[in-house]
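A.B. asks: I'll drop the sequence and a predicted model, then ask my questions.
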Amino acid sequence: MTSAPDPVLTDLPQDLQEAVAQTRRTVAELHAELPRNGLVAWTAGNVSQRVPAHQDGPELFVIKPSGVSYDDLTAENMVVCTLDGAKIDDGTADDLKPSSDTAAHAYVYRHMPEVGGMVHTHSPYATAWAARHEPIPCVLTMIADEFGGDIPVGPFALIGDDSIGQGIVETLQNHRSKAVLMAGHGPFTIGKDAKAAVKAAVLCEETAMTVHVARQHGEPERLSQEDIDKLFARYQNVYGQKKSA
Ligand SMILES: O=C(CO)[C@@H](O)[C@@H](O)COP(=O)(O)O
């Protein structure tokens with residue numbers, strides 16, 4: 001059976017091309033938040049975002065090119081992929097490869113339709129918890145607010161195929177957390193869009209550091225499940241300028 005030809009960006013409906021261009025700008029801008037918040041060293045880490053679905057076009061997402069310096073990331077070199085993780089004819093050089101985590105991001109987008117954005121970092125404190133295969137206990141209101149409980153650990157998986165994506169989905173699919181510490185590797189976060197996933201990555205590192213410091217002087221006490229549920233509901237539904245239901 002012949003497979004469908006790879007999509008060509010300039011052949012897509014005009015409004016879908018515009019949606020791709022906006023997603024590229026957003027993803028390029030959000031990559032700057034990773035070094036700015038001390039979440040990555042050198043070219044580690046990546047951000048992606050799903051392109052809003054279009055009835056007359058393929059499902060697509062945008063992700064960073066592999067191994068390119070954060071100083072050189074632009075909207076124009078953000079790579080456009082199908083949900084199979086295949087790069088489309090997106091106007092970038094044919095030999096510009098997407099992130100080495102493209103298959104992982106694609107797997108999550110295929111299996112978790114509610115996920116609109118993803119981030120991967122090697123932020124030092126969260127990565128240290130991942131090295132120990134240890135979940136970050138919910139001992140702080142900020143952990144309850146953003147993650148709804150302990151930040152879980154996912155299985156160790158090699159890079160480049162569906163393995164990491166499968167581990168992320170099996171850990172987060174029925175879990176309130178927006179972050180998973182992939183064992184022996186580092187944090188991956190999800191969100192309704194890439195900005196929400198970046199926020200989760202920032203708060204994951206912040207809480208990983210705080211709990212690590214607290215544990216230097218004894219084991220902090222986990223919040224009660226009742227309080228965790230109340231804190232999560234408030235933060236997700238009321239906090240900030242959200243309109244009360
Ligand atoms: O940890 C990994 C792969 O999971 C790193 O190589 C990753 O952080 C950065 O890779 P890319 O530059 O996105 O290909």
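C.D. replies: Received, thanks.

A.B. asks: count the neighbours of the residue nearest to residue 73 when sequence neighbours are not counted for me.
C.D. replies: Spatial nearest neighbour of residue 73, excluding adjacent residues (CB to CB, 6 or more residues apart in numbering): residue 31 at 5.0 Å. Where C-beta positions appear, they are placed from N, C-alpha and C, glycine not excepted. By other CB atoms under 10 Å, 24 other residues sit near residue 31.

A.B. asks: flag every residue of the protein that's near the ligand.
C.D. replies: 43-46, 64, 66-67, 99-101, 120, 122, 159 (CB under 6 Å from any ligand atom).

A.B. asks: of these, just say which sits nearest to residue 179.
C.D. replies: Looking at the residues of the chain next to the ligand and their distance to residue 179, the nearest is residue 120, at 10.7 Å (CB to CB).

A.B. asks: I'd say that closest one and residue 39 touch.
C.D. replies: No - applying CB atoms under 8 Å as the test, residue 120 and residue 39 come out as separate, 9.7 Å apart.

A.B. asks: so between these two, which is more surrounded?
C.D. replies: residue 120 (29 against 25).

A.B. asks: before we move on, the earlier item: please enumerate the shared neighbours of residue 120 and residue 39.
C.D. replies: Common contact partners of residue 120 and residue 39 (CB atoms under 8 Å, 6 or more residues apart in numbering): residue 45.

A.B. asks: hey, where'd the helices end up in this protein?
C.D. replies: 14-31, 33-36, 102-111, 124-131, 141-147, 163-172, 194-214, 225-237 (DSSP state H).

A.B. asks: what sits against the residue lying closest to residue 44 once chain neighbours are set aside?
C.D. replies: Distances taken as CB to CB, 6+ apart put residue 122 closest to residue 44, at 4.5 Å, once the chain neighbours are dropped. Counting by CB under 8 Å, 6+ apart, residue 122 touches 39-41, 44-45, 186.
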